[in-house]
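Asks: I'll drop the sequence and a predicted model, then ask my questions.
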Amino acid sequence: ALTDQKTSGNNKTSSVDETGKTDSSKSGKSISIAAAVGVGVNSRKSSASVDDSTSTGAYSLSSGGNIDVTAKNDANAQTQGVGAAVLTDTAIAVGVAVTATDHETTAKLGDYTKITASTGVNVTAQATQNQSADFANKLMAEAVAGAGAKKTGVAGALSVINTDNDTGASFGKNVDVTSTGAVNITSTEKNHIVARAIAATISAGAEAKAGVGATFALINAGNTNKALVDEGSKISTTGDLTVSAKNLRQSESSFGFDGDYSLLNPTSVFQTSNYYTEALAGAASTGNTALAGSFSVTVTQNETTASIADTATVSAKDITLEAENRQNARTLGGAISASQKTGVGVTLNAMVLADTVSAQLGKTGSASGASLTASGDVAITAKAEQDLGSILVAGSVGGSGTAVSGSVGINVIETEANALVSSHSAISSKGGVDVAATSKTGITSFVGGLAVSGQTGVGAGIATNLILAKTRAGIGDNAEIDAANTIAVNADASEDI
């Protein structure tokens, strides 16, 4: 191996407040407040490279074996915030957990690097989050709050995860490679991101008034994953060329209710998910009012690209240019309230997936494209697959008054899958040429609302799915393709809801 770097690290942050602060100075009344805030910031860099050079001072490499440049980044994080306040007239508990990641994983042959001989060249970047065995059952952010009071109890939990990671494998500008074996530029990313927020409160006693429980769980992911052969590079090999960027699924299992009730086990669900949010809230009072609300949001804006840039030239056997993003997203939301008079329970979840997946030869609108010559087949493919599953339940009990419960689930798919041969690019193949973009969406949702009251009860559940995905496969103006076998251009989009 020419160069190989692996970075591994575990971040664990916990904050616990079980007693809180009590103030009983006013008319014999007591107030207990417990607040716990856990914040974990995880920033790791793993880089393996042959440094950039110039045309007059280029690095020249020659090997009787393979030349490998490998960067690996294995990061794990866990943040907890737990607050509990009890046994006072008024109890207020707050739990907050925040995890932020900013990882960089890069493998690169620098500008003007020259490889005159090798049996193969491999430039590999591999990034993972919470994939080690010790973190298989861990949550990146977990917030828990509990309050017990004689009069009024309030509990709130907030769990937030933000990821902004960059992963990339590349040949720089004007790299010149000669090889008798396979040339691979590969970038992979696999994430296991879990946020949980749980809050429960009870108000009990002769002077009980109200219980309020509220939770919010948020995941925001904006990662980039790129595999690139940059401008002016030349690759000549008797083996295959692969330029690949992939975001890998946590599990191949699809979410559903086809008799597999193990999916109702939150632990089972989050273990098989790339993204999982869980927000549970409960409130009970022997007084007049109990309010419970749980809210969860998942937003992904990831970018996955594999490209061979303008003025790059390639001669190889089979040539594969592929970008792939396959992910699972799950959520569990619940809110339950009960009181002697009025009980209100509300659950709301939104999942918005706005990822972009692109495999591109050349640059759109350019006057000079890239050139591929293959003694075998050429495949340029982009694949976006998203499997979403949600269980949302709200319940309320109002003994002698009103009970209202409702759950709302909103799923928005705005992914793009693009497989393109840009203007002025050229492909010559002694096999076939396949340009294909695929988008596949699966959504399974269960929403329910149950209300029980001696007078008025209202329960409702609403699920809404909005599919705005774009799937495009194309060949630009003035592009030239010459193939001995089939030339196929396909765009295929499907939904299973």
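Replies: Perfect, I can see it now.
Asks: and the stretch of helix or strand E142 belongs to, which residues are buried?
Replies: Assessed by DSSP states H and E, E142 sits inside strand 141-163. For strand 141-163, a neighbour-count test (16 or more other CB atoms under 10 Å) marks 141-163 as buried. From N, CA and C alone the C-beta is placed, and that goes for glycine too.
Asks: Could you list the low-pLDDT ranges of the stretch 301-450 of the chain?
Replies: Of all residues in the stretch 301-450 of the chain, none has pLDDT under 70.
Asks: Can you show me the helices along the stretch 201-350 of the chain?
Replies: With helices called from DSSP state H, counting those that start in this stretch, the stretch 201-350 of the chain shows them at 266-271.
Asks: any idea how far the strand holding E142 is from the chain center?
Replies: Centroid separation for strand 141-163 versus its chain: 24 Å, with CA atoms, centre = their mean, to the nearest Å.
Asks: again with stretch 124-132
Replies: How far stretch 124-132 lies from its chain's middle: 13 Å, per CA atoms, centre = their mean.
Asks: okay but I202 is in contact with V154, surely?
Replies: No: I202 is not in contact with V154 according to CB atoms under 8 Å; the separation is 11.1 Å.
Asks: intersection of neighbour lists for the two?
Replies: Shared contacts of I202 and V154 (CB atoms under 8 Å, 6 or more residues apart in numbering): A147, G211.
Asks: returning to that earlier point: I'd like the average pLDDT over the strand holding E142.
Replies: Average pLDDT, strand 141-163: 94.
Asks: by contact count, what packs against the very next helix or strand once past that strand?
Replies: Heading C-terminal from strand 141-163, the first helix or strand you meet, by DSSP H and E, is strand 166-171. Packing partners of strand 166-171 (3 or more CB pairs under 8 Å, 6 or more residues apart in numbering; DSSP states H and E): strand 104-109, strand 120-129, strand 183-191, strand 224-229.
Asks: any idea of the angle strand 166-171 forms with strand 183-191?
Replies: 180 degrees (axes from the mean of the first three to the mean of the last three CA atoms, to 10 degrees).
Asks: Please identify the buried residues of strand 166-171?
Replies: Buried residues in strand 166-171, counted by 16+ other CB under 10 Å: D166, T167, G168, A169, S170, F171.
Asks: Can I get those in TSV including distance to A370 and pLDDT?
Replies: Below are these laid out as TSV (distance: CB to CB, whole Å; pLDDT from 0 to 100):
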residue	distance to A370	pLDDT
D166	24	97
T167	23	98
G168	19	98
A169	18	98
S170	15	98
F171	12	98
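Asks: Now tabulate these in TSV and tack on distance to D240.
Replies: TSV is the format used below for the buried residues of strand 166-171 (distance: CB to CB, whole Å):
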residue	distance to D240
D166	27
T167	23
G168	21
A169	16
S170	18
F171	15
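Asks: Which pair of those residues spans the longest distance?
Replies: The most widely separated members of these, counting by CB to CB, are D166 and F171 (17.3 Å).
Asks: Go through stretch 101-119 and flag the buried ones.
Replies: For stretch 101-119, a neighbour-count test (16+ other CB under 10 Å) marks 101, 103-115, 118 as buried.
Asks: what does stretch 400-420 give?
Replies: Neighbour-count burial for stretch 400-420, counted by 16+ other CB under 10 Å, picks out 401-411, 413-420.
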